[in-house]
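> Generate coordinates for the sequence data below:
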Amino acid sequence: MQKGYKLSTALIMFDLKVFFVAMQSAKPVKLNDKQIYRWMETLLKRAKQVGQEGEVPVTAIILDEKGHCIGHGRNKRNKDGDPLGHAELIALRQAAWLKNDWRFNECTLIVTLEPCQMCAGALIQARMGKVVYGAEDLKRGGLGGSIDLSSLKSAHHKMIVKGGILQEEVKKEIENWFSQKRRSKKLMI
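Take a look at the predicted model:
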């Protein structure tokens, strides 16, 4: 009985070791600049629609190691009354459901605005392979804008972070949205 137990334990340990080595060597999809800009342009168009519906114009997608979209999200905080209704978290939930896994070492998240600290923490916990964002968020950014959670000693997972893709266009869209929101509040008073 003990020999069988030892053999089973050894096989399980071997399988786990192979699994973890495979997960560590998984790399996010390599996207050239043209592909990244195309995705960001698509996200920016979608963000404009989101803004017209009354939400902060932020959208996100997650690409698998083959470059296929496995998750997409848009801000829904106001619509759903949900403090967790951020585009990144919605995309993350959808992709986790499709993958049936919470690990994203081989995936890339592309988002219009730098993830906030809550979303950056979730992306680190999910072991996202790469994050690409448009505009930097100097007030609440969690990947360099106000703090870089990915570079802290406590961040057990190191991900690739690239910002500034169509930064001016994204920044303008978000600033225009907030400006319009402030103007409409003044008209109501």
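> can you tell me the distance between the two ends of stretch 27-34?
End-to-end span of stretch 27-34 (CA to CA, to the nearest Å): 20 Å.
> Then stretch 50-59?
OK, stretch 50-59 end separation, CA to CA: 8 Å.
> in it, what counts as buried?
Neighbour-count burial for stretch 50-59 flags Val50, Gly51, Glu55, Val56, Pro57, Val58, Thr59 (criterion: 16 or more other CB atoms under 10 Å). (Glycine included, C-beta is placed from N, CA and C.)
> Show me what the helix or strand encompassing Lys48 is in contact with.
Element membership of Lys48, judged by DSSP states H and E, is helix 33-52. The set of residues external to helix 33-52 that reach it, using CB atoms under 8 Å, 6 or more residues apart in numbering, is 31, 56-61, 63, 67, 74-75, 110-112, 132, 134, 162, 165-166, 169-170, 173, 177.
> What does Val161 show for phi and psi?
Backbone torsions of Val161, given as degrees, to the nearest 10, read phi -130, psi 130.
> quick one: which helix or strand includes Ile61?
Using DSSP H and E, Ile61 falls in strand 59-63.
> what are the C-alpha coordinates of the host helix or strand of Ile110, in PDB please?
Using DSSP H and E, Ile110 sits within strand 108-113. Extracted as PDB, the C-alpha positions of strand 108-113 are listed here (Å, rounded to 0.1, in the frame of the first residue of the first chain):
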ATOM      1  CA  THR A 108      -1.900  40.400 -23.200                       C
ATOM      2  CA  LEU A 109      -4.400  43.000 -21.900                       C
ATOM      3  CA  ILE A 110      -4.800  46.100 -24.000                       C
ATOM      4  CA  VAL A 111      -6.800  48.900 -22.400                       C
ATOM      5  CA  THR A 112      -7.400  52.600 -23.300                       C
ATOM      6  CA  LEU A 113      -6.500  54.000 -19.900                       C
END
